[in-house]
Structures are given as structure tokens and as C-alpha cells.
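*Asks:* sequence below, structure please.
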Amino acid sequence: MSSAFLTPVAAASMHIRGVAVSHDALHAILCAAPDFATLHAAVRVCTTWHGAFAAQRARVLLAAARNVVGPALPQAVRVLRYPYPEKTPNDWGGDEDKEEDEGSSATEPDTEDEDGGKPTPRKKAAKRAPWAERDAIGVLSPQERAQLQKNAWLLEKLEALFIRKRKESQLSALQAHRFARAMYRVMLYCTLFYLPLNLDDIDSMEDEPGVLDRIKKARRAHLDEYVSQELFELRAAGAFLHELIKDVLDADDFDRLKDICLATGPAVILKAHKAKSSSAFEDALEVEVMSSGEDNALFGGFLAAPIAAIVAERKAVPPTPIWDALLDDAQGHSEPCTQCGGVAVLWKKSNWKRLINVDFCALLLGNLNENEVETAALLDLFMADKGRCSSDVVIAEIYDMRTAEFASWDKEDSLCSACVNRLVGAHLHLWLFKRKVADGWTPTQNCWYGYNCKTQLHKRDHAKSKNHLCAPIR
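*Replies:* Numbering: from 1, shown residues only. From the prediction side, this is the model:
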């Protein structure tokens with residue numbers, strides 16, 4: 001960041017070392033922060049920077065979060081915001097407990113009124129709906145920002161291990177997105193359904209009629225919300241974590257303990273793998289659970305069993321090998337668009353080149369797509385030097401010059417065709433202007449009506465003598 005932008009100035013002034021800087025420019029700089037530490041440092045520079053941040057706090061924080069986490073941000077936030085149940089065996093009580101709870105609006109008294117009147121009943125906490133991946137993220141709290149950064153570092157280390165295990169040089173943007181969202185979903189699943197119980201608790205739950213069935217039903221209901229492709233990704237992520245667990249446990253213990261160790265979650269598994277010791281599992285679990293030599297029905301098939309049951313019911317065909325769910329770059333997978341959430345075949349950095357750049361001409365704003373001078377200039381750029389202005393080059397350069405409206409959009413986003421057209425259409429005239437200047441064109445006087453000018457359609461001299469690659473001022 002230039003030192004000019006770091007110079008403290010008064011809040012009322014928007015001049016930095018004599019240069020007027022708009023709030024939009026400051027917002028764009030803040031939205032480009034690679035992590036929250038950088039963003040917080042920039043906000044503390046002066047009151048002007050802080051004011052620019054405060055004006056669009058939610059948007060800037062969301063952009064920084066996307067820079068930290070990537071397109072799997074909805075999955076990462078859900079790990080933090082899902083309303084978790086209490087981690088006690090009583091959560092899986094019998095039907096009698098449920099009926100008693102539903103039939104009563106109050107529990108035993110907590111306090112008495114000062115005048116000696118009737119006890120005040122304890123109010124039951126209001127139930128919250130589970131936070132879904134499609135829900136608006138809103139403002140991220142300081143605690144959420146810190147945990148997002150911590151979990152993102154965890155995912156980076158897991159991805160590096162996955163690449164090493166699969167003998168890949170690196171993951172494409174699409175592969176990395178799949179891996180991250182699958183691992184965040186495994187993290188959520190483990191947090192929801194791992195119960196750190198001792199052997200007596202486990203034995204009593206297994207002996208009580210219906211308890212295991214209710215637990216397994218809840219696990220399956222949670223996983224059933226994912227489409228089949230996403231379940232295959234979860235299955236592959238679980239298999240990879242089993243590989244890490246196998247590197248730590250003795251061969252004799254692996255089959256018995258692999259699922260209860262998986263239930264402790266990716267963070268514990270990574271810690272154990274890094275230390276090459278099962279002590280991390282022993283800290284997370286009761287020691288006797290690790291050493292008893294007994295199987296237990298509570299954790300057997302923890303993730304794989306409900307996924308297999310759902311896939312069989314849907315008659316879906318899993319990819320072979322299992323890793324293709326994460327590593328196959330073929331088109332045709334239905335996924336949610338990062339920006340609009342629509343489910344469609346998506347365009348991302350890894351496949352931008354497959355788009356036909358000539359089709360972009362129709363996206364020029366206003367009447368520009370019928371301006372013979374500008375469309376000819378655009379076609380010359382697209383056709384003259386193949387590769388110099390290919391679709392991936394154009395989109396990458398558009399991202400680098402995107403306007404404030406698109407400041408939170410990221411090159412790693414996965415976009416449906418409508419969102420790609422929206423991004424390109426909003427910037428193509430600006431990109432064309434910049435390219436023409438770079439090639440030696442001397443800009444002419446702006447037309448007052450800019451890209452909306454009607455005269456440019458039927459008067460070639462006017463189209464040539466005036467610049468229409470600009471916004472109208474009349």
C-alpha cells in the first residue's frame with residue numbers, strides 16, 4: 001500500500017498529500033485487505049480511514065472474509081453460527097422426557113418476589129432456526145473473524161497434506177473450493193454429533209431402547225440436505241481424514257478407533273498427525289475409550305454409513321476412484337453461484353478460457369454494441385492477436401479494475417453465466433478504453449450522453465470524433 005494512503009489526515013478532509021481520494025477508492029482498498037489483521041491496521045491509520053470503513057462496515061468485513069476464506073465462506077460461517085445442541089447424553093432422552101418438556105411452559109422456581117409472593121418461573125430459551133449456507137452473512141463479530149482466520153489456516157495445512165497424499169502439484173480453483181467446502185461441512189458435522197462420553201455413558205446409551213436410532217436419524221437428516229455431488233465430496237474428505245488417522249494409530253487399533261477419532265474433528269486430527277502421536281485423541285476422548293479394545297455402535301460408520309444410506313436411496317452413482325469427487329474438473333456439476341446463489345454450471349478462473357470473447361460484444365452498455373467504431377475496435381482486439389485478449393485475460397483484467405459496486409467480488413468466485421455477464425457488461429467499456437489507450441489511441445472529448453448516445457448509431461463521424469466509452473452526464 002502506498003505511503004500516501006497511510007498518511008493520517010483529519011476526518012473532514014478527503015485529501016491525502018494533496019490528492020483527493022473518494023470514499024469509493026478507500027472502500028476498494030479496504031475490501032482488498034488479504035486478512036483481518038491488515039484490515040484492522042488500515043482502519044486504525046486515521047479517522048478518515050475509519051470513517052470509510054464505518055460507512056460500509058458489513059461490506060468491507062465480508063470482502064475481507066472472502067479474501068481469507070475464499071468461495072467456501074458460507075460453509076465456514078455456518079460452522080460458527082449453527083445453533084449447537086448441549087453436549088450431554090440427555091439431549092437424546094426418551095419420548096417421555098420430550099412429552100414432559102413440551103407440556104410444560106415453566107420449570108422449577110428460581111427466585112421469589114421481594115414481597116414473598118409466588119416464585120418466578122424460569123423462562124425457556126427461545127429456539128433459533130439453524131443458520132443455513134444461503135442465509136445473509138451480515139456483520140461478522142470480532143470473535144467470528146478470529147475463528148474464521150484460525151479455521152482458514154487449518155484448512156491450508158489440510159489442503160497441503162491432501163495435495164501431498166494425492167501426489168498433485170497443486171489444486172485448481174475448483175478443486176480447492178470443493179476441498180474447502182467439504183472440510184468445513186465435516187467440521188460442522190463433527191461439532192454437531194461428537195459426544196465426548198466415557199464408556200459408561202456410551203454403554204448406557206447403547207442399552208437404552210431407541211437412543212442410537214434417534215442419533216443416527218439426526219445425523220442422516222443433517223446430511224440429507226446436501227445434493228449427491230456434495231455427499232461424494234464429504235465422503236472423500238472423510239476418507240482423507242481416515243488416512244491421516246491411520247498415519248498415527250497402530251494398525252491393530254485403526255479399524256476400531258478410526259470413526260471415533262474422526263468424530264473429534266479435523267483440528268484434533270491435524271494436531272495428532274503433526275505430532276505423530278495419539279495423545280491429541282486421548283486428550284479429546286476418555287482414555288478408556290481409546291484403550292478398552294471394545295467396538296461401539298455409537299461411532300461406528302460415523303460419517304460413511306449415513307452417506308451410504310442416502311446415496312443408495314437416491315440411486316446415485318459415486319465416482320470412482322473416490323477422490324474424483326474432489327479432483328474431477330469436468331463440467332456439468334451443479335453448484336451454487338458465489339454471488340447469486342443460483343444452482344448452475346459455473347464459470348471460474350480455471351475455465352474462463354472456454355468462454356467465447358466475441359460474445360462479450362453484445363454486453364457493451366447502452367447503445368455501444370451498435371456503435372460501429374467501438375465494436376470494430378473491440379473485435380480487432382479479440383481477433384487480431386489470439387491469446388492476448390482471450391476471455392480469461394479479459395475477465396482477469398476486469399477484476400483488477402472493478403468498480404465499487406463489485407469490490408467484494410473475487411477472482412476465485414464461481415459465477416453462473418448471468419453473473420459473468422453482469423460483471424463483464426459493467427466494465428467492458430472501461431476495459432476497452434484502457435486497452436485502446438495502451439495501444440496508442442489518443443482519447444477524444446467525451447460525448448455528453450456517453451454510452452447512451454443515440455447519434456453514435458447513425459453518424460459515424462460523431463462516433464469517431466467523440467468518446468462514448470464513458471458514463472452519460474446528461
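*Asks:* tell me where the protein has strands.
*Replies:* 15-16, 19-20, 111-112, 119-120, 335-336, 343-344 (DSSP state E).
*Asks:* least confident of those, on average?
*Replies:* The weakest mean pLDDT among the strands of the chain belongs to strand 111-112, with a mean of 37.
*Asks:* could you list the low-pLDDT ranges of the chain?
*Replies:* 1-21, 23, 84-129, 195-209, 286-296, 329-335, 343-345, 384-387 (pLDDT under 70).
*Asks:* longest helix anywhere in it?
*Replies:* helix 142-166 (DSSP state H).
*Asks:* starting at the chain centroid, how far to it?
*Replies:* Here the centre of helix 142-166 is set off from its chain's centre by 12 Å, with C-alpha atoms, centre = their mean, to the nearest Å.
*Asks:* also stretch 227-239?
*Replies:* For stretch 227-239, the gap between its own C-alpha mean and the chain's C-alpha mean amounts to 17 Å (C-alpha atoms, centre = their mean).
*Asks:* buried residues in the longest helix of the chain?
*Replies:* Neighbour-count burial for helix 142-166 flags 144-145, 147-149, 151-152, 154-155, 158-159, 161-163 (criterion: 16 or more other C-beta atoms under 10 Å). Every C-beta, even on glycine, is put in place using the N, C-alpha and C of the backbone.
*Asks:* what's the neighbour count on the closest residue to Ala76 other than its chain neighbours?
*Replies:* Distance criterion C-beta to C-beta, 6 or more residues apart in numbering; nearest residue to Ala76, sequence neighbours excluded, is Val69 at 4.7 Å. By the criterion of other C-beta atoms under 10 Å, Val69 has 21 neighbours.
*Asks:* so what's Ala52 closest to, chain neighbours aside?
*Replies:* Per C-beta to C-beta, 6+ apart, closest to Ala52 is Leu26, 3.8 Å.
*Asks:* then Pro319?
*Replies:* Ala325 (5.1 Å).
*Asks:* enumerate every residue touching the one you found.
*Replies:* Going by C-beta atoms under 8 Å, 6 or more residues apart in numbering, Ala325 touches Arg178, Gln229, Phe232, Glu233, Arg235, Ala236, Pro318, Pro319.
*Asks:* what's the PyMOL line that selects buried ones from the residues you listed?
*Replies:* A single PyMOL command is used to select the members of the contacts of Ala325 judged buried by 16+ other C-beta under 10 Å:
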select buried, resi 178+229+232+233+235+236+318+319
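*Asks:* so which residues of the stretch 1-150 of the chain form helices?
*Replies:* For the stretch 1-150 of the chain, helices defined by DSSP state H, counting those that start in this stretch occupy the ranges 23-31, 36-43, 47-55, 57-69, 73-81, 95-102, 142-166.
*Asks:* of all these, which lies closest to Val211?
*Replies:* For Val211, the closest of the helices of the stretch 1-150 of the chain is helix 95-102, at 10.9 Å, according to C-beta to C-beta.
*Asks:* make CSV out of the helices of the stretch 1-150 of the chain and add distance to Ala280.
*Replies:* CSV is the format used below for those (distance: least, C-beta to C-beta, whole Å):
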stretch, distance to Ala280
helix 23-31, 38
helix 36-43, 27
helix 47-55, 39
helix 57-69, 24
helix 73-81, 20
helix 95-102, 34
helix 142-166, 13
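*Asks:* between those helices, which gets nearest to Lys464?
*Replies:* Going by C-beta to C-beta, the one of the helices of the stretch 1-150 of the chain nearest Lys464 is helix 23-31, 31.5 Å.
*Asks:* name the nearest residue to Asn240, ignoring sequence neighbours.
*Replies:* In this structure residue 240 is Phe, not Asn. Phe240 sits nearest to Phe162 (C-beta to C-beta, 6+ apart), 5.7 Å away.
*Asks:* that neighbour contacts Glu243, correct?
*Replies:* No: contact between Phe162 and Glu243 fails when scored by C-beta atoms under 8 Å: they sit 9.0 Å apart.
*Asks:* I'd say Leu73 and Ala136 touch.
*Replies:* No: look at Leu73 against Ala136 with C-beta under 8 Å: they stay out of range, at 12.0 Å.
*Asks:* higher neighbour count, these two?
*Replies:* Leu73 (24 against 6).
*Asks:* can you tell me how far that one is from Arg422?
*Replies:* From Leu73 across to Arg422, the span is 20 Å (C-beta to C-beta, to the nearest Å).
*Asks:* hang on, the earlier thing: need the max-distance pair from the contacts of Ala325.
*Replies:* Arg178 and Pro318 (14.7 Å).
*Asks:* what is the neighbour count of the nearest residue to Lys411 once chain neighbours are set aside?
*Replies:* Among residues not flanking Lys411 along the chain, Tyr399 sits closest, at 4.9 Å (C-beta to C-beta, 6+ apart). Look at Tyr399: counted by other C-beta under 10 Å, it has 17 neighbours.
*Asks:* and the one 5 residues further on, by the same measure?
*Replies:* The criterion is other C-beta under 10 Å. On that basis, Ala404 has 16 neighbouring residues.
*Asks:* quick one: contacts for it?
*Replies:* Asp24, His27, Ala28.
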